[in-house]
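1. here is a sequence with its predicted model. Questions after.
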Amino acid sequence: MNIIPRAFLSEYTTFQLGGPCRDLINCEDPDQLESVVTNLFREGAPFILIGGGSNLVVSDTGVDCAVVRYVASSPLIEVDGDELIVSGSTALDDLVIAAIDEGLEGLNTCSGIPGTVGGAIVGNAGAFGKQVGDVLKSVTLLARDGQKLVKDAAYCGFSYRNSRLKETGDIVLGARFALKPGNRANLAKERAEILAIRHEKHPDLKTFPCAGSFFRNVEPTSSAGRRQAAGWFLEQAGGKDLRAGGAGIFPKHANIIVKGENCTAQDVHELHLQMKRIVKERFDLDLVREVRFVGEFAGKSPQIRDVIW
Ligand SMILES: Cc1cc2nc3c(=O)[nH]c(=O)nc-3n(C[C@H](O)[C@H](O)[C@H](O)COP(=O)(O)OP(=O)(O)OC[C@H]3O[C@@H](n4cnc5c(N)ncnc54)[C@H](O)[C@@H]3O)c2cc1C
């Protein structure tokens, strides 16, 4: 565990935006995290928890509290038959690779998604119509008071890109995934195909820092319908040409905001409001955000008191 005072969160988020926090406390494994959270609770010290920072826009002024960062430098995974037991700090993509190495099927479509297993469970991350919640068996959670609980997947209340853990604030210490035997060569081939598609369609974070899709895809209006890409509505409404300061739209995908020169977090906030506005005006549709904001922004509703929102 190491502590960095006044760390800039721009160094710990894929958007590369965000001011300082009080202390950045790096934790690699469940034991470290449990002891840090218990101590912070005892001291009454406010904190937020982040993983890979791949779904966040942190405000330019940063946050006036400690930030616990739960990221492992190498995967912490145990194999138990067809089940994988993993720390919440492990990179999701490392878990996918481990599943393929073991010839286990169920997580392959998550190939290439940035971030940690903990972040993926909280946001029910996924792609190609499947998400982590589909194969999660149980989670080990840490409540804000440092109490440890093991819960089955149903407790997480998964829905599309969402779980009830966002509301409870429970921390995912670790998880158990129940997978099915598969063919290792076929899984590896499928992974390579998925990575090629992602490489073609998604921004390279080195050139285009971002947090992935900004808004969730749009729920069908009838049970027979399919979810529709938020990017389609944005593109139809003319979203690809929008700009706010240094924030622009990724040329290949109208639902991805990218950081340009001199971009601030406030620029990203303003651009996302413009995107919402044009879709509302054209389709009378309220886009729901997937990316989470952290801290204070001009234009933030005074009713929102949470640090992560
Ligand atoms: C280029 C790019 C492509 C992407 N593609 C996809 C995609 O295909 N599908 C998809 O679903 N997402 C995608 N994303 C978004 C992002 O990768 C996922 O949302 C990811 O699961 C976030 O994990 P993280 O560890 O980075 O979480 P963070 O961004 O660090 O945090 C996100 C939220 O999770 C909470 N959190 C993090 N770790 C824990 C934990 N251990 N316990 C409790 N809460 C925690 C944080 O408090 C915060 O509220 C993409 C992002 C980028 C940049």
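-> Perfect, I can see it now.
2. got a list of what the residue most central in space within the chain touches?
-> Nearest to the mean C-alpha position of the chain, counting by C-alpha atoms, centre = their mean, stands N55 at 4.0 Å. Going by C-beta atoms under 8 Å, 6 or more residues apart in numbering, N55 touches G115, G119, G123, A211, G212, E290, V291, R292. All C-beta atoms are positioned from the backbone trio N, CA, C, and that covers glycine.
3. in helices, which of the residues you listed appear?
-> Here DSSP state H is the test, and the contacts of N55 give G119 as lying in helices.
4. restrict the contacts of N55 to contacts with the ligand.
-> Checked against the ligand using C-beta under 6 Å from any ligand atom, these give the following subset in range: G115, G119, G123, A211, G212, R292.
5. A helix includes A185, no?
-> Yes: following the definition DSSP: H, G, I helix; E, B strand; the rest coil, A185 is counted among the residues of a helix.
6. burial check on it, number of neighbours?
-> 10 (other C-beta atoms under 10 Å).
7. how near is it to G112?
-> Noted for A185: a distance of 19 Å to G112, by C-beta to C-beta, to the nearest Å.
8. likewise K240?
-> K240 sits 24 Å away from G112 when distances are taken as C-beta to C-beta.
9. from K280, how far off is the nearest residue to V294 once chain neighbours are set aside?
-> Distances taken as C-beta to C-beta, 6 or more residues apart in numbering place V58 nearest to V294, at 4.3 Å, with adjacent residues excluded. Going from V58 to K280 by C-beta to C-beta gives 26 Å.
10. the more surrounded of these two?
-> Comparing V58 with K280 by other C-beta under 10 Å, the one with more neighbours is V58, at 30 against 14.
11. list the contacts of that one.
-> L9, S10, T13, F15, L17, G18, G19, A265, F293, V294, G295.
12. how about the helices in the stretch 51-200 of the chain?
-> Applying DSSP state H, counting those that start in this stretch to the stretch 51-200 of the chain gives helices spanning 92-101, 117-122, 165-168, 184-201.
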